[in-house]
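Visitor: Only the shape, not the letters, is given here:
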Ligand SMILES: Cc1ncc(C[n+]2csc(CCOP(=O)(O)OP(=O)(O)O)c2C)c(N)n1
Ligand code: SF4
């Protein structure tokens, strides 16, 4: 994992020796800040090995192979590490089922080599309840963010806690919606700015932050409720103990445990990782005090079991095996329509986040509207906050558009190689691919298509901003397909781009894209079957 809980290394020690090494705090914490109850000992362990609970290899998409999907300094990586170590030390890996949420940690199942179930937003405690009740011998973990648990999943967590389900809930509170770009969460603090409270949270309008650990501790059933913080090494070691305790309670089938972890989100907070940790200490802990709110787990594991009789779902519902229905005849492939000027053009524009692929689609539909077309724009982007892929579907039509979804585009604008491989095969026969690159990558072969490599990033770079690569592609697209007029593109750019220097680069980029296609045609490029070369 990119995130290490403690990073003091002694050079001459092997990794295994370092697993149990005592280190001292660099500086004493601010006495004014409530950092929670003191642990029995000031000593804590520095851990530098990878827990066996994690997979040997974190399988990622090809373009993201060498990084986790968490931002540098994100608390999720630390929480993962604490859970993995505890599972390993307690020997629970083989009997653990991790229920993962919607949010930045949606991909926890890429890392944990345990049973994994990924559920809809907020529903983890409900799913965990079902899993635990049907598999009472398992250790069931519900892992959730604050948007997930305290907003959309409020009902699920409240009732699971109140019923005292024998699950362990790890609640990662970063005071914001991380994955979706920083909207206000129920845990956002008074005065804290977010994209949906740009003035800062105001109690009069948005209410006060929810204190989930205190709320849960109000119920009779929970066995263990603690709030910890990932603000500094000392508090991370307390968090480590809390995670371990929650899992021990699970192991002993002794009741519901809930650990809230105050966690840094450097990306959304707009801070570097060090400042983000400090912000947890200085700003979050005073509002969300660290405390053990409940610890009354029974001494013995002799807790009354109310597990239902174990029967398969088919048995319970008396479902008999059905004879498979005869499969429907395969549909003949629809004849591609490439009459760009006369009818409908369906485009897919794809690349990495930050390459302006969604913006390119928006520019096209704005142009389409100005030229009296029916238009649609359907964006799609991955959950990653960095290096994620993004694409959009665009329809430009003279008729009403049935669906904005473009499964088989007439034109693919591929801003990177990944997009070319991912969507290239979906382009209709006789269609066009505009590829951002000097040459078509070896291994991509589509004789039925016109594949045009355009070094758009390089051209844009030479004009003064790599970011204008999407506008180079726009120029090439308009010149190649004539689907819309380039003077419309200019008028849209002039209205939308407020900075004069950027507008100048965009003008040049548009012209450069058109010129590239022109010159290519003059040096003898093969004509399009429909004559629009
Ligand atoms: C039913 C539903 N509503 C909304 C969304 C959009 N959505 C995805 S993640 C997310 C916020 C997650 O924030 P949080 O739980 O705080 O986790 P973080 O990303 O900060 O770890 C939202 C609103 C969704 N996927 N499903
Ligand atoms: S956006 Fe925040 S919570 Fe999400 S991965 Fe980045 S730092 Fe972590």
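Guide: Sure thing, it's come through. Since the structure is predicted, the reported quantities are computational estimates derived from the model, not experimental observations. Numbering: from 1, shown residues only. Ligands and ions are numbered 1, 2, ... in the order given.
Visitor: Show the end-to-end separation of stretch 256-266, please.
Guide: Across its full length, stretch 256-266 reaches 31 Å end to end, with Cα to Cα, to the nearest Å as the criterion.
Visitor: So is it next to ligand 2?
Guide: Yes - between stretch 256-266 and ligand 2, judged by Cβ under 6 Å from any ligand atom, the touching residues are 265, 266. For glycine as for every other residue, the C-beta is placed from the backbone atoms N, C-alpha and C.
Visitor: cool, stretch 229-237 as well?
Guide: No - in terms of Cβ under 6 Å from any ligand atom, no part of stretch 229-237 sits within range of ligand 2; the closest distance is 11.2 Å.
Visitor: and that stretch, does that touch ligand 1?
Guide: No - using Cβ under 6 Å from any ligand atom, stretch 229-237 stays clear of ligand 1, with a minimum separation of 12.9 Å.
Visitor: so how far is that stretch from its chain's centroid?
Guide: Put simply, stretch 229-237 sits 25 Å off its chain's centre (Cα atoms, centre = their mean, to the nearest Å).
Visitor: What parts of the protein come near ligand 1?
Guide: Residues of the chain lying near ligand 1 (Cβ under 6 Å from any ligand atom): 102-105, 121, 145-148, 152, 172, 174, 177-180, 185.
Visitor: I would like a ChimeraX command selecting only the buried ones among the residues you listed, please.
Guide: Buried members of those, identified by 16 or more other Cβ atoms under 10 Å, are gathered into one ChimeraX selection as follows:
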select :102,103,104,105,121,145,146,147,148,152,172,174,177,178,179,185
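Visitor: Quick one: mark the members of the residues of the chain next to ligand 1 that sit in helices.
Guide: When the residues of the chain next to ligand 1 are checked against helices using DSSP state H, the ones located there are 146, 147.
Visitor: Buried residues in stretch 189-200, which are they?
Guide: Neighbour-count burial for stretch 189-200, counted by 16+ other Cβ under 10 Å, picks out 189, 192, 193, 194, 197.
Visitor: ok, those vs residue 283, which is closest?
Guide: Comparing those against residue 283 with Cβ to Cβ picks out residue 189 as the nearest, at 7.0 Å.
Visitor: how far away is the residue nearest to the spatial centre of the chain from residue 515?
Guide: Among the residues of the chain, the one closest to the centroid is residue 383, at 2.6 Å (Cα atoms, centre = their mean). Residue 383 sits 38 Å away from residue 515, taking Cβ to Cβ, to the nearest Å as the criterion.
Visitor: try residue 352
Guide: With distances taken as Cβ to Cβ, residue 352 is found 26 Å from residue 515.
Visitor: quick one, which of those two is more surrounded?
Guide: Set side by side, residue 352 and residue 515 show more neighbours around residue 352, with 20 against 16, by other Cβ atoms under 10 Å.
Visitor: Surely that one and residue 422 touch.
Guide: No - under the criterion of Cβ atoms under 8 Å, residue 352 lies out of contact with residue 422, with a separation of 12.0 Å.
Visitor: List the residues that are in contact with both of the two.
Guide: Shared contacts of residue 352 and residue 422, defined by Cβ atoms under 8 Å, 6 or more residues apart in numbering, are found at residue 389.
Visitor: average pLDDT for stretch 452-464?
Guide: Confidence over stretch 452-464, taken as the mean pLDDT, stands at 96.
Visitor: Name all residues that make contact with residue 370.
Guide: Residue 370 is in contact with 488, 491, 492, counting by Cβ under 8 Å, 6+ apart.
Visitor: most surrounded residue in these?
Guide: Among the contacts of residue 370, where neighbours are counted by other Cβ under 10 Å, the top count belongs to residue 492, at 20 neighbours.
Visitor: quick one: that one and residue 421, what's the gap?
Guide: Computed with Cβ to Cβ, the distance linking residue 492 and residue 421 is 31 Å.
Visitor: just residue 78 next, same as before
Guide: For residue 78, the distance to residue 421 equals 35 Å [Cβ to Cβ].
Visitor: Looking at those two, which is more packed in?
Guide: Here residue 78 and residue 421 are compared on neighbour count by other Cβ under 10 Å; more neighbours surround residue 78, at 25 against 14.
Visitor: does ligand 2 sit close to the helix or strand harbouring that one?
Guide: Here residue 78 sits within helix 75-89, counting by DSSP states H and E. Yes - using Cβ under 6 Å from any ligand atom, we find that helix 75-89 touches ligand 2 at residue 76.
Visitor: Pull out the buried positions in that helix.
Guide: By neighbour count, with 16+ other Cβ under 10 Å as the criterion, the buried positions of helix 75-89 are 75-87.
Visitor: Give me the neighbour count for residue 139.
Guide: Close neighbours of residue 139, defined as other Cβ under 10 Å, add up to 26.
Visitor: Just the residues of the chain next to ligand 1: which are in strands?
Guide: 145, 172 (DSSP state E).
Visitor: Of the residues of the chain next to ligand 1, which are in range of ligand 2?
Guide: With Cβ under 6 Å from any ligand atom as the criterion, the members of these in contact with ligand 2 are 104, 174, 178, 179.
Visitor: Let me see the contact set for the last one.
Guide: By Cβ under 8 Å, 6+ apart, the contact list for residue 179 reads 102, 103, 104, 106, 145, 383, 385.
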